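Peer 1: Sequence first, then the predicted structure:
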Amino acid sequence: MTTDANNDGAASTISTRVEHLVGFHFSAISHLRLSRPLHCEALRLRYTFTPDFIVDPYELDLHEDAYAYELHPHPDLELPVFAASSASTVLTLLISRQTFDRGQRLLDIILPLHARYGKPSYLLNNDEAYEVLRFPQPGATWQCTSPSGTRYEEQFWLNATTPEVAVLVPVGMSHDAEFVELGTVAIVYCTFAYLIWVFTATARHLARQERRDKNE
């Protein structure tokens, strides 16, 4: 059963800031001011991220003292955005009653996030380009139990007190692709030649060592 908790007279608010507004690795820190209903034990926050974001479960595990989580689908951590699935990533956080029993009406949620490599920009006469990623607003639900033992949920609205948070992610330039490809090929060939030289030098050294051992 789901009810609406917006009528309890106490507004709940959220403000979010992001460390490192430019780049591929950043943390979103959300500051929540909450009013927990009497019979509610846990808070559930549900985020929906576009494929441009990477939600790394291994980094979420580092915050197990603050929340449990569910992540669907499990993300591929390596693919660029144009090769990744078009499906959004749904992250659900569960903050237990113990947190609120400490008297904390104020709650900070830290989410470690990454951005995928984006499509190259085709803008001319530009030395650099960026893609704008917008951090989503979570849906919020209280998990509750009535005095008779019936379990139910109460949805409520988190009023944002800060503007929408945007992150700038650098993207490659299309006119640099030719140089990148040539450079990659050159590096591969140089690495291959170096390995051949190392193998040959090692074989000659071992052969000389074997001849010396026989002469002795």
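Peer 2: Thanks, I have the structure now.

Peer 1: Across the sheet, point out what pairs with the spatially most central residue of the chain.
Peer 2: The chain has Leu113 as the residue nearest its centroid, 2.4 Å off, counting by Cα atoms, centre = their mean. In this entry, Leu113 is beta-bridged to Phe26, by DSSP bridges.

Peer 1: Could you pull up the residues touching it?
Peer 2: Going by Cβ atoms under 8 Å, 6 or more residues apart in numbering, Leu113 touches 25-28, 49, 53-56. C-beta here means a position set from N, CA and C on the backbone, and glycine is covered the same way.

Peer 1: Tell me the pLDDT of it.
Peer 2: On the pLDDT scale, Leu113 is placed at 92.

Peer 1: what's the answer for Pro120, then?
Peer 2: Predicted confidence (pLDDT) for Pro120: 74.

Peer 1: remind me which residues of this structure are low pLDDT?
Peer 2: By pLDDT under 70, the weakly predicted segments of the chain are 1-10, 97-104, 121-127, 173-178, 216.

Peer 1: ok, now with 80
Peer 2: The model of the chain has pLDDT under 80 over residues 1-11, 35-38, 75, 82-83, 97-106, 118-128, 172-182, 210-216.

Peer 1: Could you identify the longest helix within it?
Peer 2: For the chain, the helix with the greatest residue count under DSSP state H is helix 177-215.

Peer 1: so what secondary structure elements neighbour that one?
Peer 2: The helices and strands touching helix 177-215, judged by 3 or more Cβ pairs under 8 Å, 6 or more residues apart in numbering; DSSP states H and E, number zero.

Peer 1: which residues in this structure form strands?
Peer 2: Using DSSP state E, the strands assigned to the chain run over residues 2-4, 12-19, 25-33, 40-49, 53-54, 68-72, 89-95, 106-115, 129-134, 139-145, 151-156, 158-160, 166-171.

Peer 1: and among these, the most buried is which?
Peer 2: Most buried of the strands of the chain, by mean neighbour count (mean count of other Cβ atoms under 10 Å): strand 53-54, with a mean of 24.

Peer 1: From what I see, Asp76 and Pro57 are in contact.
Peer 2: No - counting by Cβ atoms under 8 Å, Asp76 stays clear of Pro57, with 11.9 Å between them.

Peer 1: Which one of the strands of the chain lies nearest to Asp213?
Peer 2: strand 25-33 (53.8 Å; Cβ to Cβ).

Peer 1: Contacts made by the closest one with the rest, please.
Peer 2: Outside strand 25-33, the residues that touch it by Cβ under 8 Å, 6+ apart are 12-20, 105-115, 135, 138, 158, 165, 167.
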